[in-house]
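> Sequence plus the predicted model coming up.
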Amino acid sequence: MGSFDLDLQAVETELDDAVDGDHSVVLGVLDGSTPPSEWVTAVGNGQVLLLHVEGDLNELAAGFAREIRDMGGNLVHFRGFLVVAPPEVRVDNSRLE
């Protein structure tokens with residue numbers, strides 16, 4: 001069997017660099033008090049938002065929903081909450097049907 005050179009430290013560094021974003025879940029309230037740009041930035045950083053909707057969803061999400069969708073993100077309204085996920089996170093709502 002031939003020998004090979006495996007640099008585990010270099011591999012570890014590459015893996016660390018490949019994992020970008022925060023990958024956390026942010027619980028919040030969608031009531032118009034948070035600027036839409038903050039929600040867009042959070043999702044752009046890899047965070048999933050679970051927002052309790054207090055008011056008219058269409059009005060409250062108008063400032064960020066299109067931008068999230070344009071970046072490939074997902075928005076799902078479920079029982080008074082809006083789930084907003086970055087493109088790399090798939091929201092499976094198949095059990096709701």
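Structure received. Numbers count the residues shown, from 1 in each chain.
> alpha carbons only for contacts and neighbour counts from here, please
OK.
> which element follows the helix or strand bottoming out on mean pLDDT in the chain toward the C-terminus?
In the chain, the helix or strand scored least confidently by mean pLDDT, DSSP states H and E is helix 8-18, which has a mean of 56. Toward the C-terminal end, the helix or strand that comes next after helix 8-18 (DSSP states H and E) is strand 25-30.
> Run through who's touching that following strand.
With contact meaning CA atoms under 8 Å, 6 or more residues apart in numbering, strand 25-30 is reached by Gln47, Val48, Leu49, Leu50, Leu51, His52, Val53, Glu54, Leu60, Ala61.
> Also stretch 32-50?
So stretch 32-50 is in contact with 20-28, 60-61, 63-64, 67-68, 73, 81-86, 88, going by CA under 8 Å, 6+ apart.
> Which of the residues in that stretch are classified as buried?
Neighbour-count burial for stretch 32-50, counted by 16 or more other CA atoms under 10 Å, picks out Pro36, Trp39, Val40, Ala42, Val43, Gly44, Gly46, Gln47, Val48, Leu49, Leu50.
> Dump that stretch to PDB, restricted to CA.
Only the C-alpha atoms of stretch 32-50 are listed here, as PDB (Å, rounded to 0.1, in the frame of the first residue of the first chain):
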ATOM      1  CA  GLY A  32     -43.400  46.700  12.700                       C
ATOM      2  CA  SER A  33     -41.000  47.800  15.400                       C
ATOM      3  CA  THR A  34     -37.900  46.100  13.800                       C
ATOM      4  CA  PRO A  35     -36.600  47.600  10.600                       C
ATOM      5  CA  PRO A  36     -37.100  45.200   7.600                       C
ATOM      6  CA  SER A  37     -33.300  45.400   6.900                       C
ATOM      7  CA  GLU A  38     -32.600  43.700  10.200                       C
ATOM      8  CA  TRP A  39     -34.700  40.700   9.200                       C
ATOM      9  CA  VAL A  40     -33.000  40.600   5.800                       C
ATOM     10  CA  THR A  41     -29.500  40.800   7.300                       C
ATOM     11  CA  ALA A  42     -30.300  38.000   9.800                       C
ATOM     12  CA  VAL A  43     -31.500  35.700   7.100                       C
ATOM     13  CA  GLY A  44     -28.600  36.700   4.900                       C
ATOM     14  CA  ASN A  45     -26.300  35.600   7.800                       C
ATOM     15  CA  GLY A  46     -27.900  32.100   7.800                       C
ATOM     16  CA  GLN A  47     -30.300  32.600  10.700                       C
ATOM     17  CA  VAL A  48     -33.900  31.200  10.700                       C
ATOM     18  CA  LEU A  49     -36.500  33.600  12.000                       C
ATOM     19  CA  LEU A  50     -39.600  32.500  13.900                       C
END
